[in-house]
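just to be clear, the model below is a prediction. Sequence and coordinates:
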Amino acid sequence: MHLPPPIQTFFTARAPQDGDALAAAFSPDAIVHDEARSHHGPQAIRDWWLAAKAKYRHHAEPMDVAEAGGKTVVQATVTGDFPGSPAVLTFTFGLKGERICDLEIG
């Protein structure tokens, strides 16, 4: 499966050592929507990602990728320490150049 480089980074980054690489995959004005909260900018996104990794100790394995409405939509199996694990979640990425500008997880 071919994923654009910043999306590949999102799925292959490991916490905590890859926090800076993960943040660098996002544009300066990026926003992430997850669990009814929004996280703005690479530093806040890095902090959210590290906290989620520490809390849920999860890993997402992409299963399918599609394009829809100018977005890259990735279905992934997410396994970790949370009720209902493993779960299939949808990651909807907006890209601006070579960086992620928005991400919605649902």
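The structure has been received and is ready for your questions.

so where do the helices sit in the chain?
Shown for the chain, the helices assigned by DSSP state H span residues 5-12, 19-24, 41-56.

for the ones you listed, which one sits closest to Asp102?
Nearest of these to Asp102, taken as CB to CB: helix 41-56 at 10.6 Å. In this view, the C-beta of every residue, glycine as well, is placed from N, C-alpha and C.

sorry, back to before: and the helices of the chain as JSON lines, adding distance to Glu35, mean neighbour count and mean pLDDT?
Shown next, in JSON lines, are the helices of the chain (distance: least, CB to CB, whole Å; neighbours: other CB atoms under 10 Å; pLDDT from 0 to 100):
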{"stretch": "helix 5-12", "distance to Glu35": "17", "mean neighbour count": "17", "mean pLDDT": "98"}
{"stretch": "helix 19-24", "distance to Glu35": "18", "mean neighbour count": "17", "mean pLDDT": "97"}
{"stretch": "helix 41-56", "distance to Glu35": "8", "mean neighbour count": "16", "mean pLDDT": "97"}
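
so for Asp34, which of these sits nearest?
Once those are compared by CB to CB, helix 41-56 is nearest, at 7.1 Å.
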